[in-house]
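Trainee: Whatever this is, show me its structure:
(2 chains)
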Amino acid sequence: MSEVIVITSGKGGVGKTTTTANLGVGLAMRGKKVVLIDTDTGLRNLDLLLGLERRIVYTLVDVIQKRATYEQALVRHKKYTNLFLLPTSQVADKTAINPEQMAELIAQMRNDFDYILIDCPAGIEQGFQTAIIGADWAIVVTMPEISAVRDADKIIGRLQAEHKEIKLIVNRIRPQMVKEGTMLDMTSIDDILSIECIGQVPDDEKVVDSANRGVPVVEWDSSQAGQAYRNIVGRMCGEKISFMEFPTEGFFTRLKHVFGH
Amino acid sequence: MSEEIVKFKGSRSGLVLVLDTTADFAAIEQDIRTKLESGSNFFRRGTVIQVLPGVLNEEDTAKLMKLFHQYGVIFRIADNEPAAAETVAETAAEPQQPITAAAADTGLTQNMTVVNRTVRSGQEVTSQGAVLICGNVNPGAEIVAGGSIDIRGTCRGIVHAGAYGDTSAFVIADHLMPVQIRIAGLIAQAPDQIEKPDCAERASIKDGQIIIEPIER
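Mentor: Predicted structure coming up:
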């Protein structure tokens, strides 16, 4: 049984692509056959996060316009051979693909994979419509910030109108700020969005480092964000995993910093 | 002064103003004013009174609209339904008859729009009549109603009751904390810091201002 999941957010910069890359690698680490489809035509990034830019020959636009089959366009991951990327074009724009063509392609690919993850562009225009049309359900990524929550709310409204089931990932949480009351906490986010949450990912400098190296943080044992992504992958596979407790800086840890450990 | 020149008749679609067209307009206006003064219980705020099309000219209609408006009564020209007014010939001139008053009310409640979900950012609910939301109204959402608005949940969006000038319209919510409340032509803005109220509240117009008061549910 394959699952087609769209990863979306409305607002840009909250971590859709990072989430897609990490969940993709995480699922592949568990032996699932996964394909990641980048639909952010013209502003593609997913290939970079996976370190696959140099291997791209054909793109999604070539497949849609029948210049290549989707099998030809798939890029296999270097380390996880059951993980594939269907990259998009960096030169075309979002009008190159319409929702009907996308739905047709997803229907074709469906039986060949366990999971199809679609990385949605920011915004609510045609690119969004194209990305969500073939999906069975949606992951909405947001951040503990009023503008991101507002846009997530708008996107949830749109997805509900399309009768998609929705789950929420709250990304880039800074536990210290939440504790001090200077950042939205989970209760206030849930109060507004009231959507089942499947992930709380802390803000982690390693995410930036990992993006530069093209190795998603989910592979790094030492990373808190990586652990959070591994937990989400577990929940997607039906495991019951409770949310992580984030250690905040108490008096002693601050002392440690002062004395340089 | 004859009582015959102005009559209010009950009909299916509410009260209908029946005029002796031979009478002087000033006399008509005066008579209506007297009736509004004396029958203040009967002419509850928000009551709709209609006049059949063609009875009054534009200028007089505007004058009467202004007069009724002062008493919180909505005055408008009836939709062209033939015989709608004639079907119920029963007189409604007796203030102590609660049935006719109720009938005028149902005319409004029939137009109620019921929304059984949370209204999210960017979504809008618009209605000529009243609006009932069984869910939250999130920030960035907008509710515009000709009548009143009742929210069975938390209201954080923009609400506009009495959007067509009904100053008797109100807004009720379990937790009333909107960015902005508009009633008829008035606008009230939320304070910078707003705490979640623990009881249901109602916003309405009092002395030319929007006030919010706690209510029992």
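
Trainee: and the one helix or strand A:Ala148 maps to, does that touch chain B?
Mentor: Element membership for A:Ala148 (DSSP states H and E) is helix A:146-161. Yes: using CB under 8 Å from any CB of the partner chain, helix A:146-161 reaches chain B at A:Arg150, A:Asp151, A:Asp153, A:Lys154, A:Ile156, A:Gly157, A:Gln160. Any C-beta I mention is one placed from the backbone N, CA and C, and that applies to glycine too.

Trainee: Neighbour count and pLDDT added to those, as TSV?
Mentor: Supplementary listing: these in TSV, determined by neighbours: other CB atoms under 10 Å in any protein chain shown; pLDDT from 0 to 100:
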residue	neighbour count	pLDDT
A:Arg150	20	96
A:Asp151	25	96
A:Asp153	27	97
A:Lys154	20	96
A:Ile156	26	97
A:Gly157	20	95
A:Gln160	17	95
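
Trainee: Among the residues you listed, which one lies nearest to B:Ala78?
Mentor: Of all these, B:Ala78 sits closest to A:Gly157, with 37.9 Å by CB to CB.

Trainee: For B:His160, see how far away the closest one is.
Mentor: Distance check for A:Gly157 against B:His160: by CB to CB, to the nearest Å, it reads 19 Å.

Trainee: Ok, A:Val63 next?
Mentor: In terms of CB to CB, A:Val63 sits 48 Å off from B:His160.

Trainee: Please list the residues of chain B that sit near chain A.
Mentor: Applying CB under 8 Å from any CB, we find that chain B lies next to chain A at B:Arg117, B:Thr118, B:Arg120, B:Ser121, B:Gly122, B:Gln123, B:Asn136, B:Asn138, B:Pro139, B:Gly140, B:Thr154, B:Arg156.

Trainee: how about a cut-off of 10 Å?
Mentor: By the rule CB under 10 Å from any CB of the partner chain, the part of chain B lying against chain A is B:117-123, B:135-136, B:138-141, B:154, B:156, B:175, B:196.

Trainee: Number of residues surrounding whichever residue of chain B sits closest to chain A?
Mentor: Closest residue of chain B to chain A, CB to the nearest CB: B:Arg120 (3.5 Å). B:Arg120 is flanked by 28 other residues according to other CB atoms under 10 Å in any protein chain shown.

Trainee: do you know how far it is from A:Lys33?
Mentor: Distance from B:Arg120 to A:Lys33, by CB to CB: 35 Å.

Trainee: what's the domain layout of chain B?
Mentor: Domain assignment of chain B by automatic domain parsing yields the ranges B:6-108, B:111-214.

Trainee: Now the shortest one: average pLDDT?
Mentor: In this model, domain B:6-108 has a mean pLDDT of 65.

Trainee: Also the last one?
Mentor: Along domain B:111-214, the predicted local confidence has a mean pLDDT of 94.

Trainee: to the chain's geometric centre, what's the distance from that domain?
Mentor: For domain B:111-214, the distance from its own C-alpha centre to the chain's C-alpha centre is 15 Å (CA atoms, centre = their mean, to the nearest Å).

Trainee: Now do the end-to-end distance for it.
Mentor: The first residue of domain B:111-214 is 26 Å away from its last residue (CA to CA, to the nearest Å).

Trainee: Pretty sure A:Glu100 sits in a strand.
Mentor: No: counting by DSSP: H, G, I helix; E, B strand; the rest coil, A:Glu100 falls outside a strand, being helix.
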